[in-house]
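Novice: Got a sequence here, can you build the structure:
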Amino acid sequence: ENREEVVYRAKLAEQAERYEEMMDAMKTVANMGVELSMEERNLLSVAFKQVVGARRSSWRIISSMEASKANSERVELIRNYRQDVEKELSDVCDDILKVLKDKLIPTATTGESKVFYYKMMGDYHRYVAEFSTGKERQDAADESLKAYQRVGDRRDGAEADAPDPLGFGAELLGVLLRDP
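Specialist: Got it, this is the predicted structure:
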């Protein structure tokens with residue numbers, strides 16, 4: 001398949017609300033080693049956000065059930081299920097972070113695309129920090145902050161015309177680090 005066909009397949013998957021397939025298609029495009037257009041960046045972002053968003057929501061519900069006294073007799077079953085969801089979350093987040101680091105950021109030539117990718121990187125490290133504990137949580141939070149700072153550095157430099165996605169992500173990271 002050529003790039004245009006893979007992008008079209010991603011659009012079809014989006015219309016059918018089949019976000020895992022959309023994610024796979026856009027990952028294929030990202031791994032082609034070429035700079036993505038704004039439309040392709042948005043498709044990639046939507047795909048991963050939908051896949052991760054569903055799992056983050058599941059994780060919050062399951063974690064709440066685990067903490068509830070009403071479920072004390074099933075706490076081990078709930079804990080194991082939560083850990084399964086955390087593994088899925090971790091795998092998807094690691095996947096996009098690797099694509100960003102190894103493929104997308106190195107091929108980005110515009111300030112707008114670099115800001116977009118560093119902001120995504122900060123977001124996905126922040127998602128990892130949400131469900132991680134101990135050193136892994138701190139490492140993910142540190143990486144998130146570094147990525148958000150890279151966005152800020154780019155905005156302060158010659159790429160100040162790029163959109164400002166920083167505020168909300170950095171604010172959420174601060175809340176996350178204060179709330180163990």
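Novice: and stretch 144-153, how far from the chain's centre?
Specialist: 15 Å (CA atoms, centre = their mean, to the nearest Å).
Novice: Distance check, the nearest residue to Met38 once chain neighbours are set aside against Ala147.
Specialist: Counting by CB to CB, 6 or more residues apart in numbering, Glu112 is the residue found nearest to Met38 once chain neighbours are left out, at 7.6 Å. Where you see a C-beta, it was placed from the backbone N, CA and C, and this is true even at glycine. According to CB to CB, to the nearest Å, Glu112 and Ala147 sit 16 Å apart.
Novice: Could you check which of those two has the larger neighbour count?
Specialist: Each of Glu112 and Ala147 has its neighbours counted (other CB atoms under 10 Å); Ala147 has more, 25 against 16.
Novice: Tell me the pLDDT of that one.
Specialist: Ala147 is assigned a predicted lDDT (pLDDT) of 95.
Novice: who touches it in this structure?
Specialist: The neighbours of Ala147, taking CB atoms under 8 Å, 6 or more residues apart in numbering as the test, are Tyr118, Lys119, Met121, Gly122, His125.
Novice: now with 7 Å?
Specialist: Residues counted as contacts of Ala147 (CB atoms under 7 Å, 6 or more residues apart in numbering) are Tyr118, Met121, Gly122, His125.
Novice: from those residues, which is closest to Ser68?
Specialist: His125 (29.2 Å; CB to CB).
Novice: For the closest one, give me the pLDDT.
Specialist: Looking at His125, its pLDDT reads 98.
Novice: Please verify my assumption that it contacts Gln138.
Specialist: No: counting by CB atoms under 7 Å, His125 sits too far from Gln138 to count as a contact (11.3 Å).
Novice: and those two? which has more neighbours close in?
Specialist: Taking neighbours as other CB under 10 Å, His125 and Gln138 compare with His125 leading, 23 against 13.
Novice: State the helix or strand in which the more buried one lies.
Specialist: Using DSSP states H and E, the element containing His125 is helix 111-131.
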